[in-house]
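Peer 1: Any chance you could fold what I've pasted below:
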Amino acid sequence: MTIAAALFALAAHGARLPAIVAYLVAGLFLGPMTGMVELSEGLALISEAGIVLLLFLVGLELSFEKIRNLGRVALLAGAGQVALTALGGFVISLTLGFTAIESAVLAAVLTFSSTVVVVKLLEQKKEFDSLYGRIALGILLIQDLAVIALLTFLSGWAPDEAAGLGAVAGNLFKAFGGMALLLICALLAARHGLPRLFAWAAGSPETLFIWSLCWCFLVVLAAHVLHLSHESGAFLAGVSLAQLPYSHDLRRRVHPLMNFFIAVFFVSLGVKMNLDRLNEILLPAIVLSIFALFIKPTITAFILARLKFGERTAFHSGNVLAQISEFSFILAAMCVAAKLIDEQLESLIGLVGLITISVSSCLIVYNHEWHRRMQKWGLLRLLRASQTEEETACPVSAQNHVIIVGANTLGRNIAQTLHDAGQSVLTLDTDPGKLRGLPGATKMGDAQNLSFLEEAGLPRAKLLVSCLHIEDINNLLAYRCRTMKIPCSIHAIDLSMVDSLLEMDPTYLMLPKVDGIKLQTRKLKELGFLEP
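Peer 2: Numbering: from 1, shown residues only. This next block holds a predicted model:
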C-alpha cells in the first residue's frame with residue numbers, strides 16, 4: 001500500500017493534484033480494480049491513528065487568539081455557509097430519491113470543506129496570508145467545530161436502541177456531558193498544568209514532540225473511557241496545546257507523521273469502495289459534485305458579499321471551499337458503523353470526494369484565471385458585490401527585516417543593537433525562555449525547517465544572522481540563503497568551520513577569535529599603545 005501510495009502521489013504531483021486524490025486512486029487500483037489488497041485489522045488501526053493525528057493537528061490551529069482575530073466575519077460567514085449548504089444538500093438529496101436519514105448524512109458530508117487541501121494549496125500559491133485565505137481559514141475553523149459536534153452526536157447514537165427514544169436521549173446527554181467535562185479538563189490543563197510541563201521540555205525539540213503525542217493519546221484514552229469518539233479527544237488535546245507558545249513548532253513536527261497515517265487512511269478508503277453498482281451511484285455522484293463545486297462556493301461568496309466584501313475577495317473565498325472534506329469520509333465511516341447508511345452510500349461519498357477534490361484543486365491552482373473568465377462571462381454580477389477590494393485589511397507579511405537565528409548572548413546583543421538602530425528585527429529560537437524580553441518580533445521554532453523559515457519571511461528578508469553554535473544548521477542556513485539570494489552573516493565559532501561555510505558563499509562570517517583580535521588591536525591603537 002505504501003509503495004502504491006508513493007507512486008500515485010508522484011504522478012499526482014506532476015499533475016498538480018493533491019496527494020489525497022492520489023491515495024484514493026491508489027486504493028481503487030489496489031482494491032475494486034485489481035483485488036490485490038484486502039483490508040485487515042492492522043490497516044484499520046493505522047488509518048484510525050491517522051485520523052486521530054489529523055484531528056489533533058486541526059485542534060492545534062484553534063488558538064483563542066486566532067478566533068478573536070478572525071472575529072465576526074468568520075462566525076457569520078461560517079455559520080451561514082454551514083446552515084445554507086446543509087439545507088441545500090438535504091433538499092437535493094431528497095430530490096435524488098434518498099431517505100431522510102441518508103439525505104441528512106449527505107447534507108452534512110457536502111457542508112464541510114477540506115482543511116488539508118485548502119491549507120496546502122494556499123501555502124503552495126503563497127496566498128495563505130491573503131484576505132481571502134484568512135477568511136477561508138475562519139470558515140474552516142467554524143466547520144471543524146460543527147464536525148466535532150456531529151462526532152459527539154454519533155458517539156451517543158446507539159443503533160441497537162434506536163426504537164427507544166428515551167435511551168437515545170440518555171446516550172446523547174451522556175455524550176455531550178462527557179464532551180463538556182473533557183473540554184473543561186483540557187482547558188484547565190492548558191491554563192495551569194501544561195505551560196510549566198512543556199516549558200521544561202521546550203529546550204529539546206524531540207522531547208517536546210514526544211510529550212505532545214503523549215498528551216494527545218492521554219486525552220484520547222480519556223475520551224474512550226467517557227465513551228466519546230477518539231477523534232473528539234484528539235481535537236481537544238490539540239485545542240489545549242494550541243494555547244501554548246509552542247503550537248506552531250508542534251504543528252510542523254506532527255505534520256510529517258500525520259501524512260503517513262493519512263495516506264494509509266485514504267488508500268484504505270479507496271480499497272473499501274464498492275464499484276460493483278457504479279451505474280447506480282454515478283448520476284447522484286455527479287449531481288452532488290456539481291453542488292459542492294459550484295453551488296456551495298456561490299453560497300459562501302454571496303454571504304461575504306452581503307458582509308460588504310469585494311467581488312474578488314468573495315469569489316476567491318468561496319472558490320477555495322469547493323470540495324468535500326476528509327472529515328466527510330470520517331463521518332461516512334461512523335454513520336456506517338452506527339447503521340445510519342449502508343456501504344454503497346459510503347462508496348458514493350468516496351466518489352464525490354474524488355471528483356470534488358480533483359476538480360477544486362485545479363480551480364484553486366488557477367483561481368485568478370478562473371476569476372477572470374467568470375468576470376468575462378458576467379456571472380459574478382449575480383453576487384451583487386462591491387467592486388472595491390479590502391486586501392489592505394490583510395496583515396502584511398514581514399518583509400525587508402533582519403532575521404536573527406539563536407537568542408543566545410550574541411543574538412540578544414545583535415537584536416538589541418539593530419532594534420535601537422531602527423531596524424525591523426525578528427528573532428528565532430527553539431526556547432521560548434530565551435525569546436522572552438527581546439525587542440522586536442520573536443518566533444519559536446526550528447530554523448532547520450524550511451516551512452518555518454518561510455513563515456518567518458526569509459524570502460523577503462534583507463539579512464539573516466545566525467548566532468548558533470551548531471555547524472550543520474549554520475551550513476544549512478547559509479545554503480538556503482544562497483538559493484534565495486538573501487544576504488547572511490554566519491557565526492563560525494571555530495576556524496575549522498570556515499572552509500565548509502565559505503563553500504556556501506555567505507555574505508559575512510563572524511569569527512570570534514579574529515573579530516576579538518581586530519577589536520583588541522583597534523582599542524590599543526585608540527589608547528596610543530600601537531601606531532595607527
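
Peer 1: What segments of the stretch 151-300 of the chain are helices?
Peer 2: In the stretch 151-300 of the chain, the helices defined using DSSP state H, counting those that start in this stretch lie at 165-188, 194-201, 205-225, 230-242, 247-272, 278-290, 296-306.

Peer 1: Most tightly packed of those?
Peer 2: Mean neighbours per residue, mean count of other Cβ atoms under 10 Å, is largest over these for helix 230-242, with a mean of 27. Quick note: C-beta positions are derived from backbone N, CA and C, even for glycine.

Peer 1: Give the other helices and strands that it contacts.
Peer 2: For helix 230-242, the packing partners by 3 or more Cβ pairs under 8 Å, 6 or more residues apart in numbering; DSSP states H and E come out as helix 41-60, helix 131-156, helix 165-188, helix 194-201, helix 205-225.

Peer 1: Reformat the ones you listed into a markdown table and put mean pLDDT and distance to E280 next to each item.
Peer 2: Shown next, in a markdown table, are those (pLDDT from 0 to 100; distance: least, Cβ to Cβ, whole Å):
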| stretch | mean pLDDT | distance to E280 |
| --- | --- | --- |
| helix 41-60 | 76 | 26 |
| helix 131-156 | 81 | 26 |
| helix 165-188 | 80 | 31 |
| helix 194-201 | 79 | 51 |
| helix 205-225 | 87 | 37 |
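
Peer 1: Show the pLDDT at K66.
Peer 2: pLDDT, K66: 61.

Peer 1: repeat for F98
Peer 2: pLDDT recorded at F98 is 93.

Peer 1: What values do phi and psi take at it?
Peer 2: Per-residue torsions, F98: phi -80, psi 160 (degrees, to the nearest 10).

Peer 1: ok, it touching L106?
Peer 2: Yes - contact criterion Cβ atoms under 8 Å: F98 and L106 qualify, at 6.4 Å.

Peer 1: and these two? which has more neighbours close in?
Peer 2: Comparing F98 with L106 by other Cβ atoms under 10 Å, the one with more neighbours is L106, at 30 against 20.

Peer 1: picking up where we left off before, any shared contact partners between F98 and L106?
Peer 2: Common contacts of F98 and L106, defined by Cβ atoms under 8 Å, 6 or more residues apart in numbering, comprise L345.

Peer 1: picking up where we left off before, closest to I490 out of the helices of the stretch 151-300 of the chain?
Peer 2: Among the helices of the stretch 151-300 of the chain, helix 205-225 comes nearest to I490, with 21.1 Å by Cβ to Cβ.

Peer 1: helices and strands around that closest one, which ones?
Peer 2: Partner elements for helix 205-225 (3+ Cβ pairs under 8 Å, 6+ apart): helix 41-60, helix 165-188, helix 194-201, helix 230-242, helix 247-272.

Peer 1: what stretches of this structure score poorly on pLDDT?
Peer 2: By pLDDT under 70, the low-scoring segments of the chain are 39, 63-71, 128-129, 156-168, 202-203, 384-398, 493-505, 511-532.

Peer 1: domain parsing for it?
Peer 2: Split into domains by automatic domain parsing, the chain comes to 2-160+169-383, 402-526.

Peer 1: End to end on the first one, go ahead and measure it.
Peer 2: In domain 2-160+169-383, first residue to last residue: 45 Å (Cα to Cα, to the nearest Å).

Peer 1: Could you pull out the strands in the stretch 401-532 of the chain for me?
Peer 2: For the stretch 401-532 of the chain, applying DSSP state E, counting those that start in this stretch gives strands covering 402-405, 425-429, 441-444, 463-466, 488-491, 508-510.

Peer 1: Now V402: closest residue in space that isn't a chain neighbour?
Peer 2: Distances taken as Cβ to Cβ, 6 or more residues apart in numbering put L463 closest to V402, at 4.8 Å, once the chain neighbours are dropped.

Peer 1: rewinding a little: pick the most deeply packed of the domains of the chain.
Peer 2: For the domains of the chain, the highest mean count by mean count of other Cβ under 10 Å goes to domain 2-160+169-383, at a mean of 19.

Peer 1: now the helices and strands packed on helix 230-242 as CSV including distance to L354?
Peer 2: Below are the helices and strands packed on helix 230-242 laid out as CSV (distance: least, Cβ to Cβ, whole Å):
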stretch, distance to L354
helix 41-60, 17
helix 131-156, 20
helix 165-188, 32
helix 194-201, 39
helix 205-225, 29
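
Peer 1: Which among these is found nearest to H419?
Peer 2: H419 lies closest, by Cβ to Cβ, to one member of the helices and strands packed on helix 230-242: helix 194-201, at 25.1 Å.

Peer 1: got the angle for the closest one vs helix 230-242?
Peer 2: Calculated by axes from the mean of the first three to the mean of the last three Cα atoms, to 10 degrees, helix 194-201 forms an angle of 70 degrees with helix 230-242.

Peer 1: Now tell me what touches helix 194-201 from outside.
Peer 2: Helix 194-201 is contacted from outside by 207-208, 211-212, 215, 240-241, 244, 246, 432-433, using Cβ under 8 Å, 6+ apart.

Peer 1: Just the closest of the residues you listed to T442, please.
Peer 2: P432 (8.4 Å).

Peer 1: who's in contact with that closest one?
Peer 2: Counting by Cβ under 8 Å, 6+ apart, P432 makes contact with 199, 202, 245-246, 444.

Peer 1: nearest to P256, of the residues you listed?
Peer 2: Once Cβ to Cβ is applied, the member of the contacts of P432 that ends up nearest P256 is Y246, at 17.0 Å.

Peer 1: what about that closest one, distance to L218?
Peer 2: Distance of Y246 to L218, given as Cβ to Cβ, to the nearest Å: 17 Å.

Peer 1: again, but for H371
Peer 2: 46 Å.

Peer 1: Likewise for L351?
Peer 2: 37 Å.

Peer 1: swap in V425?
Peer 2: Taking Cβ to Cβ, one finds V425 at 39 Å from L218.

Peer 1: quick one: the helices in the stretch 401-532 of the chain?
Peer 2: Assigned by DSSP H, counting those that start in this stretch, the stretch 401-532 of the chain shows helices spanning 409-420, 432-435, 450-455, 471-484, 498-502, 512-526.

Peer 1: Extract the CA atoms of the shortest one and return them as CSV.
Peer 2: Provided in CSV are the C-alpha atoms of helix 432-435 (Å, rounded to 0.1, in the frame of the first residue of the first chain):
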residue,chain,number,x,y,z
PRO,A,432,10.7,30.5,24.5
GLY,A,433,12.6,31.4,27.6
LYS,A,434,15.4,32.9,25.6
LEU,A,435,13.0,34.9,23.5
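
Peer 1: Run the chain-centre distance for it.
Peer 2: Distance of helix 432-435 from its chain centroid, counting by Cα atoms, centre = their mean, to the nearest Å, is 25 Å.

Peer 1: what do you get for stretch 136-145?
Peer 2: The chain centre lies 11 Å from the centre of stretch 136-145; the measure is Cα atoms, centre = their mean.

Peer 1: mind checking the longest helix of the chain?
Peer 2: Counting residues, the longest helix found in the chain (DSSP state H) is helix 64-95.

Peer 1: coming back round to it: nearest to F302, out of the helices and strands packed on helix 205-225?
Peer 2: Closest among those, using Cβ to Cβ: helix 41-60, at 26.6 Å.

Peer 1: now the end-to-end length of stretch 32-43.
Peer 2: End-to-end for stretch 32-43, by Cα to Cα: 17 Å.

Peer 1: That stretch: how far from the chain's middle?
Peer 2: Counting by Cα atoms, centre = their mean, stretch 32-43 comes out at 29 Å from the chain centroid.

Peer 1: for stretch 37-51, same thing?
Peer 2: 23 Å.

Peer 1: what does stretch 424-434 give?
Peer 2: Mean-position distance between stretch 424-434 and its chain equals 23 Å (Cα atoms, centre = their mean).
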